[in-house]
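K.L.:
A structural model of the following input is requested.
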Amino acid sequence: MTDLDPVIHAPARLRIVVVLAELVPGDVIAFPRLRSELDMTAGNLSTHLRKLEDAGYVEVTKTHEKRTPVTYLALSDAGRTALAGYRTALTAILGGTA
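P.N.:
Here you go, the predicted model:
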């Protein structure tokens, strides 16, 4: 049996990775926009993003715009590869073809 990536497998993190994967490589999304898209609390989203960032799946860029802190997020190349592997593993478990 194929193992699913435990970092991505948590439902909230899977949702995050899938939304970020919809971005064109090199594009970013602001934290409030992602939070709104996922309908998650800031604390919950931050916790899951930290796990994804620690795994190298998400790139976090913190900056300022007119003295206001802004956080931008993107799926890294490693994150895209991990999601593709997750999809393949899930398809294999379900008995389909990748």
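K.L.:
could you check the pLDDT of the residue nearest to the spatial centre of the chain?
P.N.:
When the chain is reduced to its mean C-alpha position, the nearest residue by Cα atoms, centre = their mean turns out to be Val17, at 2.7 Å. If you check Val17, the pLDDT there is 98.
K.L.:
ok, it - contacts?
P.N.:
Val17 makes contact with Ile8, Leu52, Tyr57, Val58, Leu75, Gly79, Ala82, Leu83, according to Cβ atoms under 8 Å, 6 or more residues apart in numbering. Using the backbone N, CA and C atoms, a C-beta is placed for each residue, glycine as well.
K.L.:
how close does it get to Arg67?
P.N.:
Shown here: Val17 relative to Arg67, a distance of 32 Å by Cβ to Cβ, to the nearest Å.
K.L.:
burial of Pro69, as a residue count?
P.N.:
Applying the criterion other Cβ atoms under 10 Å, we find 9 residues in the vicinity of Pro69.
K.L.:
sorry, slip of the keys, the one I care about is Glu37.
P.N.:
When neighbours are counted by other Cβ under 10 Å, Glu37 registers 14.
K.L.:
so Ala12 touches Met40, yeah?
P.N.:
Yes - using Cβ atoms under 8 Å, Ala12 and Met40 qualify as a contacting pair, with a distance of 6.8 Å.
K.L.:
quick check: pLDDT value at Asp3.
P.N.:
For Asp3, the model assigns a pLDDT of 85.
K.L.:
surely it meets Ala89?
P.N.:
Yes - with contacts defined as Cβ under 8 Å, Asp3 counts as touching Ala89 at a distance of 6.7 Å.
K.L.:
give me the common contacts of those two.
P.N.:
Common neighbours of Asp3 and Ala89 are not found (criterion: Cβ under 8 Å, 6+ apart).
K.L.:
who's more crowded, the two?
P.N.:
With neighbours defined as other Cβ under 10 Å, Asp3 and Ala89 compare such that Ala89 has more, 18 against 9.
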